[in-house]
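>>> The amino acid sequence is not available; the structure is as follows:
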């Protein structure tokens, strides 16, 4: 019975109300299940629509964020490279005497 009704019909009229084998409580419980079922069907339809067509504004924002993150990564690598080079030059003094660890006999 509930499968033949439309989605708006399920929310307006209890399709189980006049069924001869159901008590009023059973008819109300089945009606609530029918409404819940229709809500779930509507939710599935909406999520499929959202997943089939990507949100263009979200894609534009993500592209801008991707470019910014690429720039941040490049700047971070450059600053790390600068720190590593600075430490390398400070470990080897210019006069060559303090940095020499060669063992002589």
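Looks like it arrived, so ask away. Owing to the predicted nature of the structure, the values given are computational and were not obtained by experimental measurement. Residues are numbered from 1 along each chain as shown.
>>> Mind jotting down where the helices sit in the protein?
For the chain, helices defined by DSSP state H occupy the ranges 7-12, 24-52, 56-91.
>>> Just tell me which of these ends up closest to residue 18.
With CB to CB, the closest approach to residue 18 among these belongs to helix 24-52: 8.2 Å. (C-beta placed from N, C-alpha, C; glycine too.)
>>> rewinding a little: got JSON lines for the helices of the chain, with mean pLDDT, mean neighbour count and distance to residue 18 too?
Formatted as JSON lines, the helices of the chain follow (pLDDT from 0 to 100; neighbours: other CB atoms under 10 Å; distance: least, CB to CB, whole Å):
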{"stretch": "helix 7-12", "mean pLDDT": "78", "mean neighbour count": "13", "distance to residue 18": "14"}
{"stretch": "helix 24-52", "mean pLDDT": "91", "mean neighbour count": "12", "distance to residue 18": "8"}
{"stretch": "helix 56-91", "mean pLDDT": "87", "mean neighbour count": "10", "distance to residue 18": "48"}
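>>> give me phi/psi at residue 17?
Backbone torsions of residue 17, given as degrees, to the nearest 10, read phi -60, psi -40.
>>> Residue 15 now?
Backbone geometry at residue 15, expressed as degrees, to the nearest 10, gives phi -70, psi -10.
>>> got it, and the one 3 residues further on?
As for residue 18, its main-chain torsions (degrees, to the nearest 10) stand at phi -100, psi 20.
>>> So what does residue 13 have for phi and psi?
phi -130, psi 140.
>>> Neighbours of it, how many?
11 (other CB atoms under 10 Å).
>>> same question, the one 4 residues further on
Other residues near residue 17 number 12, with proximity taken as other CB under 10 Å.
>>> OK, contacts around it?
24, 27, 31 (CB atoms under 8 Å, 6 or more residues apart in numbering).
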